[in-house]
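Enquirer: model the structure of this input:
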Amino acid sequence: QVQLVESGGGLVQPGGSLRLSCAASGFTMDYYAIGWFRQAPGKEREGVGYVTKRGGNTYYADSAKGRFTISKDNAKDTVYLQMNSLKPEDTAVYYCAATNMATMDAYDYDYWGQGTRVTVSS
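Expert: Presented below is the predicted three-dimensional model:
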């Protein structure tokens, strides 16, 4: 059974950091690019960034550039989203998803996790 499980969300103060994890089971991450998406209350889902199949390349949305870093450990079938300098507007449910393409288009992603909530507030 293909499954993605996010963890690491929580409450953090503005300017703080969090590291989210996305663990895969039922498939090997080597063959998939992994994307991170988020959905804030009352807003549409938006892409945060993705890492390519072998982890050699990453892409970030403008909102994430310079603050977020995606890394991939294929040996552990886990992808990480390191988030620094967090802002209240980063508050959202964060999802990881898998695709065999290099894309930020959510419709091209085949497998999704259940999400982990991040709240940035003082």
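Enquirer: thought G16 was touching V118, still the case?
Expert: No: judged on Cβ atoms under 8 Å, V118 makes no contact with G16 at a distance of 10.5 Å. Any C-beta I mention is one placed from the backbone N, CA and C, and that applies to glycine too.
Enquirer: so which of those two has more stuff around it?
Expert: V118 (22 against 14; other Cβ atoms under 10 Å).
Enquirer: from V12, how far off is the more buried one?
Expert: 7 Å (Cβ to Cβ, to the nearest Å).
Enquirer: okay, and the common contacts of the two?
Expert: Common contacts of V118 and V12 (Cβ atoms under 8 Å, 6 or more residues apart in numbering): L18, L86.
Enquirer: middle-most residue in the protein, spatially?
Expert: Centroid-nearest residue in the chain: W36, 2.7 Å away (criterion: Cα atoms, centre = their mean).
Enquirer: so where does it fall, helix or strand?
Expert: strand 33-39 (DSSP states H and E).
Enquirer: quick one, the helix or strand just after that strand and strand 33-39 angle?
Expert: Where DSSP H and E defines the elements, the next helix or strand beyond strand 33-39 is strand 46-51. Counting by axes from the mean of the first three to the mean of the last three Cα atoms, to 10 degrees, strand 46-51 points 160 degrees away from the direction of strand 33-39.
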